[in-house]
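Engineer: turn this into a model:
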Amino acid sequence: MADSNPFADDGVNPFAPGGARLSPLPHEPAGYAQTVDVPLDNDMKKKQRELQAKEAELKKREQELKRREDAIARAGVVIEEKNWPPLFPIIHHDIANEIPVHLQKTLYVAFTTWLGLAFCLLWNFVAVTLAWTQGEGVTIWLLSIIYLISFVPLAYVSWYRPLYRAMRNDSALKFGWFFLSYLFHIGFCIVAAVAPPIFFKGKSLTGILPALEVLINSALVGIFYFIGFGFFCIETLISIWVIQQVYSYFRGSGKSAQMKRDAMLATM
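Structural biologist: Numbers count the residues shown, from 1 in each chain. As a prediction, this is how the structure comes out:
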């Protein structure tokens, strides 16, 4: 007799009362595994929008700056950027790019006379300082300092910068101001080369007359004064050449007649 299996009937729960049947589990549908999209970080999107806004603002500012520069250029206004001396820029100076070729040589020599004046007054300070140590008095030493720190910037403002702008912009009015100021410069160089006591205190300038006086007491001081006298003479001669060249261009280019017309119109 075959053994009967009490659990042969599939789906019957032997522990349930009355032999209740188990309900089968539902089948998992095919393709149950799904890909879940992860959204971008909100902070990254926000930063990206901020960067785009800043970039747009910079472009807008660049366009506005370019528009203003073009308007200034059309108006004939030149922006002077300080570029000289290279190590410590204090003035704007660019002869090679801003001055016409036929005027560059004259302006270079004029610039040399400005530097030459600074060198003459610096040597004058050294010589007077040496004379002061030999008992000539502190007054002349203080005056030599005043000449150095006042005449050099005054020369730049009064005649070199007007000449630079006159040659750059071809301005007759600035040429006229240059001639007036440069004549005073030449006159000062002549007086400094002689250094009569009626103009300056004692031996505060290294002219020929003070050089003869100090040579009696100290040969070294006298040599320094004679060298200073030579520097002022050279400065005077080069300055005379510059004003002749500028005047020749001024007359030949018709600026003289233009200046007279402008003066007549201003008077009327």
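
Engineer: only C-alpha atoms from now on, for both contacts and neighbour counts.
Structural biologist: Fine.

Engineer: what about the strands in this protein?
Structural biologist: Read by DSSP state E, the chain holds no strands at all.

Engineer: all helices for the stretch 151-268 of the chain, in order.
Structural biologist: 161-169, 172-194, 208-217, 219-252, 255-267 (DSSP state H, counting those that start in this stretch).

Engineer: so residue 103 touches residue 167, yeah?
Structural biologist: Yes: between residue 103 and residue 167 there is a contact under C-alpha atoms under 8 Å: 7.2 Å.

Engineer: more neighbours: those two, which one.
Structural biologist: For residue 103 versus residue 167, the count of surrounding residues by other C-alpha atoms under 10 Å is larger for residue 167: 21 against 15.

Engineer: would you check that that one makes contact with residue 95?
Structural biologist: No: counting by C-alpha under 8 Å, residue 167 stays clear of residue 95, with 9.7 Å between them.

Engineer: poorly predicted segments of the stretch 151-268 of the chain, please.
Structural biologist: Segments of the stretch 151-268 of the chain classed as low confidence (criterion: pLDDT under 70) are 199-201, 254-268.

Engineer: tell me the pLDDT of residue 146.
Structural biologist: Residue 146 carries a pLDDT score of 95 in this model.

Engineer: cool, and residue 54?
Structural biologist: For residue 54, pLDDT reads 87.

Engineer: what does residue 138 give?
Structural biologist: 92.

Engineer: ditto for the one 3 residues further on
Structural biologist: In this model, residue 141 is scored at 94, pLDDT.

Engineer: quick one, what contacts it?
Structural biologist: 125, 128-129, 132, 204 (C-alpha atoms under 8 Å, 6 or more residues apart in numbering).

Engineer: if you set the cut-off to 6 Å instead, what comes out?
Structural biologist: 128-129 (C-alpha atoms under 6 Å, 6 or more residues apart in numbering).

Engineer: with residue 102 instead?
Structural biologist: No contacts exist for residue 102 under C-alpha under 6 Å, 6+ apart.

Engineer: would you mind measuring from it to residue 95?
Structural biologist: Using C-alpha to C-alpha, to the nearest Å, residue 102 is found at 11 Å from residue 95.

Engineer: do residue 107 as well
Structural biologist: 8 Å.

Engineer: overlap in contacts of these two?
Structural biologist: Common neighbours of residue 107 and residue 95 (C-alpha under 6 Å, 6+ apart) do not exist.

Engineer: re earlier: take the helices of the stretch 151-268 of the chain and lay them out in JSON lines including distance to residue 67.
Structural biologist: Shown next, in JSON lines, are these (distance: least, C-alpha to C-alpha, whole Å):
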{"stretch": "helix 161-169", "distance to residue 67": "23"}
{"stretch": "helix 172-194", "distance to residue 67": "29"}
{"stretch": "helix 208-217", "distance to residue 67": "59"}
{"stretch": "helix 219-252", "distance to residue 67": "36"}
{"stretch": "helix 255-267", "distance to residue 67": "33"}
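
Engineer: pLDDT at residue 121, what is it?
Structural biologist: 98.

Engineer: and if you look at the one 10 residues further on?
Structural biologist: Each residue has a pLDDT score; the one for residue 131 is 95.

Engineer: and it, how far is that from residue 214?
Structural biologist: Residue 131 is 8 Å from residue 214, by C-alpha to C-alpha.

Engineer: neighbour count: these two, which is higher?
Structural biologist: residue 131 (25 against 21).
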